[in-house]
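> quick one: sequence plus predicted model below, questions after.
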Protein chains: 2
Amino acid sequence: MAASEFEIIRRFFTPPGPGRNDVLAGVGDDAALLAVPPDSELVVCMDTLVAGVHFPKETAPAAIGYKALAVNLSDLAAMGAEPAWTTLSVTLPDNDMDWLEQFSRGFFGLASRYNVQLVGGDITRGPLNITVQAHGFVPAGQALYRQGARPGDLVCVTGSLGDAGLALHLGLTGEAPLRKRLDYPQPRIEAGIALRQYASAMIDISDGLLADLDHLLEADGLGALLRVDELPRSADFLSALDAAGPGCESLARDLTLSAGDDYELCFCIPELQRVAMEETLASIPCAVTAVGVIEEEPGIRCYRKDGSTYTPSTTGYQHFNRTD
Amino acid sequence: MAASEFEIIRRFFTPPGPGRNDVLAGVGDDAALLAVPPDSELVVCMDTLVAGVHFPKETAPAAIGYKALAVNLSDLAAMGAEPAWTTLSVTLPDNDMDWLEQFSRGFFGLASRYNVQLVGGDITRGPLNITVQAHGFVPAGQALYRQGARPGDLVCVTGSLGDAGLALHLGLTGEAPLRKRLDYPQPRIEAGIALRQYASAMIDISDGLLADLDHLLEADGLGALLRVDELPRSADFLSALDAAGPGCESLARDLTLSAGDDYELCFCIPELQRVAMEETLASIPCAVTAVGVIEEEPGIRCYRKDGSTYTPSTTGYQHFNRTD
């Protein structure tokens, strides 16, 4: 059964429930009308997912809907923001009701978990393309930036690294736990908010630790020492690696260093804040691991636990590779 | 010459000039950080343009860049909002430097005219797809909605109707004045702001007058009488019609009633406000024409100047046509 644009919006993109008090007008007018709380600043980000580029073509529609929002919430988390509103543009080849129903379920499933309200967007016909914009708030003056790290600060990461990359590398599908890390990344909203009072700088890891840490360092012209054997690996990562047989240690190191799509946070804190930060983060189900130290000298220097230097084979994902 | 995503952002999407004071962090972090003025509400809209759907495939890149922003500014205008910030997602098949340079020129040309700052976005590889989100402000409580018309209110439109539709119909290209109306629509920002104090309801005409007026009427369960011979036509429209020879009157009527892409405003005002509104609007280079009256009975009834009823051949554009 086919349906018009308006029927699609009514059936699949009308937010469930009563809605947030700060949405004065949502879906259904020329634009949404929104009230930012007093003494708060507005945090805004936008990310696009393209089939075959940002997710494998066979990805379940619910995972696409979930992930399109999750990657944006991860950007809000990296600023220490509390999410509030989202807009969504879906370009799709035909008005496939099953696809839309599943996509919508994935999208709203995550949105409702964080009390995020869909307030507008667009539905158009064309090659599959999903663009989401997310809006959040931070108390005035408390946002975290890529800039702000100081020499001597610890470099920390949340959760574990390389899971999504290993799922892609092994070609895992469906219900495999690592594949779920790829399809349903967990935006670190609670950790981002808690870190406002401790972190000196923060970024989310979408293109791989080395690439994203490099962005953070570039913002201040600094460098870092990184202990590659201390990069956190999940139990699923370790058992998949075991199953793949011996000789995968180098692959594992490079995945934790360079694979994208984990959507963990990478942040810096003064050493003196470490204990207080760990106590605060203990109430959040999200591990934090110190993996390096900020240094004056630009560049990232990787070390093994025996003190030898390590040279990664790749540095990270770029959408347009340099060919000149 | 090819370039990385970051080089593209630096070369083509770094806003020129010092930037707005209310942008605390713009392009270059995980998200933008923005300050909404006190006593203002935030107005947010998002529109996507797909090649071959929203613009002819041979459209100049500068026109695509201009129009992607213009259609969003038109939505802000329809709320009575003053534009402030924008985000932009560009998906394109390859990193064509000439294309990007021209696109960027069109986009920023319009942005600078309205002091709109680009604060974030995304560049991805894939089939051409442009999504823009625009943000603006209205003083608290002064936004205009589709809802709010009353029986007896005049139905008015800004500018002229059917120009873009006639350009498409005639297959006009390049520098033809009507083609310029299609490629470079003028968002009615100044009129939208001035109409805050007079209009009871407002919408922008993107899908054709009948379709968009119908949305406005549906919001209150009302109807309208429309005088089809009084729909405003531009001098370019009339001369192109003359050149096309006799027998085009019915086509002309249907284009002014149903063709999309004009991005004029359709609004309602109480008859008593008409003189004051016309005096205020006189200082803005944008004509306003009263073309009908709001009625209790749902539906739109079209009349010719001789008093006979008129039945349009089409009602408006839908992205997904009803096939069931």
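Looks like it came in fine.
> what packs against the helix or strand bottoming out on mean pLDDT in chain A?
When each helix and strand of chain A is scored by mean pLDDT, DSSP states H and E, helix A:5-12 comes last, with a mean of 82. With contacts defined as 3 or more Cβ pairs under 8 Å, 6 or more residues apart in numbering or on different chains; DSSP states H and E, helix A:5-12 has these neighbours: helix A:97-113, strand A:117-125. Bear in mind the C-beta positions are built from the backbone N, C-alpha and C, glycine included.
> just the ones you listed: most buried one?
Comparing the helices and strands packed on helix A:5-12 by mean neighbour count (mean count of other Cβ atoms under 10 Å in any protein chain shown), strand A:117-125 ranks first with a mean of 23.
> give me the angle between that strand and helix A:5-12.
Counting by axes from the mean of the first three to the mean of the last three Cα atoms, to 10 degrees, strand A:117-125 lies at 140 degrees to helix A:5-12.
> any residue of strand A:117-125 touching chain B?
Yes - on the criterion Cβ under 8 Å from any Cβ of the partner chain, strand A:117-125 is in touch with chain B at A:119-125.
> what is the most widely separated pair among these?
For the residues of strand A:117-125 next to chain B, the farthest-apart pair by Cβ to Cβ is A:119 and A:125; their separation is 22.7 Å.
> residue A:70 is in what secondary structure piece?
helix A:61-78 (DSSP states H and E).
> can you name the next helix or strand after that helix?
Taking DSSP H and E, what comes next after helix A:61-78 is strand A:82-92.
> ok, that following strand: who's next to it in the sheet?
strand A:117-125 (parallel), strand A:129-139 (antiparallel) (DSSP bridges).
> now the shortest one, how far from the centre of its chain.
Just to be clear, that refers to strand A:117-125. Using Cα atoms, centre = their mean, to the nearest Å, the mean C-alpha position of strand A:117-125 is found 21 Å from that of the whole chain.
> taking helix B:61-78 as reference, get the angle to that strand.
Going by the same axes, to 10 degrees, strand A:117-125 makes 140 degrees with helix B:61-78.
> and residue A:228, how far from residue A:22?
44 Å (Cβ to Cβ, to the nearest Å).
> no no, residue A:14
For residue A:14 relative to residue A:22 (Cβ to Cβ), the value is 18 Å.
> higher neighbour count, those two?
Using other Cβ atoms under 10 Å in any protein chain shown as the criterion, residue A:14 and residue A:22 rank with residue A:22 on top: 17 against 13.
> got the residues of strand A:117-125 next to chain B as TSV, with distance to residue B:146 and pLDDT columns?
What follows is these, written out as TSV (distance: Cβ to Cβ, whole Å; pLDDT from 0 to 100):
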residue	distance to residue B:146	pLDDT
A:119	15	95
A:120	13	93
A:121	17	91
A:122	17	91
A:123	18	91
A:124	21	90
A:125	24	90
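> tally of neighbours for residue A:296?
Residue A:296: 10 surrounding residues under other Cβ under 10 Å.
> test my guess that it contacts residue A:152.
No - with contact defined as Cβ atoms under 8 Å, residue A:296 does not reach residue A:152; the gap is 9.4 Å.
> sorry, back to before: buried residues, the least confident helix or strand of chain A. List them.
Neighbour counts over helix A:5-12 (16 or more other Cβ atoms under 10 Å in any protein chain shown) mark A:5-9, A:12 as buried.
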